[in-house]
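Novice: no sequence on this one, just coordinates:
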């Protein structure tokens, strides 16, 4: 909590937190999830981290976006593990899952996303990034993602920034 509060104090222009690899199960390449010894403990830790993020975000009117799976069949959503989504997160980030809209469409449309956010009040702001034009189209057409983008053809060179960078170029709070 103190680290998050320091981040907000030192970055008054920030609009929220992006928590990479924060989901109810691990996708880390070195972890075999099928034989992971404490799946419930892992999920409980992920929920506790999300609760801390949500608490600090609420105090400052910020959003929380997670990049990790909160799927009903993949560790369980929160609070209802039988549903996808995390009610404490304003949205999720789906990365390079072209051709998997059958799973990630309903996942992104789950009513559990943002259900406990006083900032977005149950309106999820999910993101997706794809490798292909077809992947981009399927995520846009699902109507479950607020923002969809495609990697550049040459990812090795990296993507250019969205515009000129200015230290105060981001919104100073999020309003709905």
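Specialist: Noted; the coordinates are in hand. What you see is a predicted model, and the numbers here were worked out from it, not measured in a lab.

Novice: Centre of the chain to stretch 65-81, how far?
Specialist: From the chain centre to the centre of stretch 65-81 is a distance of 10 Å (CA atoms, centre = their mean, to the nearest Å).

Novice: got the buried residues for that stretch?
Specialist: For stretch 65-81, a neighbour-count test (16 or more other CB atoms under 10 Å) marks 65-72, 74-78, 81 as buried. All C-beta atoms are positioned from the backbone trio N, CA, C, and that covers glycine.

Novice: Endpoints of stretch 141-150, how far apart?
Specialist: The straight-line separation of the ends of stretch 141-150 (CA to CA, to the nearest Å) is 14 Å.

Novice: And the contacts of it?
Specialist: Stretch 141-150 is contacted by residues 91, 94, 101, 104-109, 124-133, 135-136, 139-140 when judged by CB atoms under 8 Å, 6 or more residues apart in numbering.

Novice: Could you give the average pLDDT over the lengthiest helix in the chain?
Specialist: Secondary structure assigned by DSSP state H gives helix 39-60 as the longest helix of the chain. The average pLDDT within helix 39-60 is 97.

Novice: Tell me the helix or strand right after it.
Specialist: strand 63-67 (DSSP states H and E).

Novice: Is there a quick PyMOL command that grabs whichever of the contacts of stretch 141-150 are buried?
Specialist: Remark: buried members of the contacts of stretch 141-150, expressed as a PyMOL selection using 16+ other CB under 10 Å:
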select buried, resi 91+94+101+104+105+106+107+108+109+124+125+126+127+128+129+130+131+135+136+139
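
Novice: what ranges of the protein fall below the confidence cut-off?
Specialist: Along the chain, the model assigns pLDDT under 70 to residues 152-176.

Novice: mind listing the strands for it?
Specialist: All strands of the chain, identified by DSSP state E, fall at 16-20, 63-67, 91-95, 127-130, 147-150.

Novice: So for residue 8, which of these sits nearest?
Specialist: Of all those, strand 16-20 sits nearest to residue 8, with 9.1 Å by CB to CB.

Novice: which parts of that closest one are buried?
Specialist: Across strand 16-20, burial judged by 16+ other CB under 10 Å covers 16-17, 19.

Novice: Paired strands for that strand, with orientation please.
Specialist: As defined by DSSP bridges, the strand partners of strand 16-20 come to strand 63-67 (parallel).

Novice: Could you give the separation of the partner strand from the chain centroid?
Specialist: Remark: strand 63-67 is offset 4 Å from the chain centroid, using CA atoms, centre = their mean.

Novice: what does that strand rub up against?
Specialist: So strand 63-67 is contacted by 15-23, 50, 53-54, 57, 86, 88-93, 95, 117, 119-120, 125, 127, 174 (CB under 8 Å, 6+ apart).
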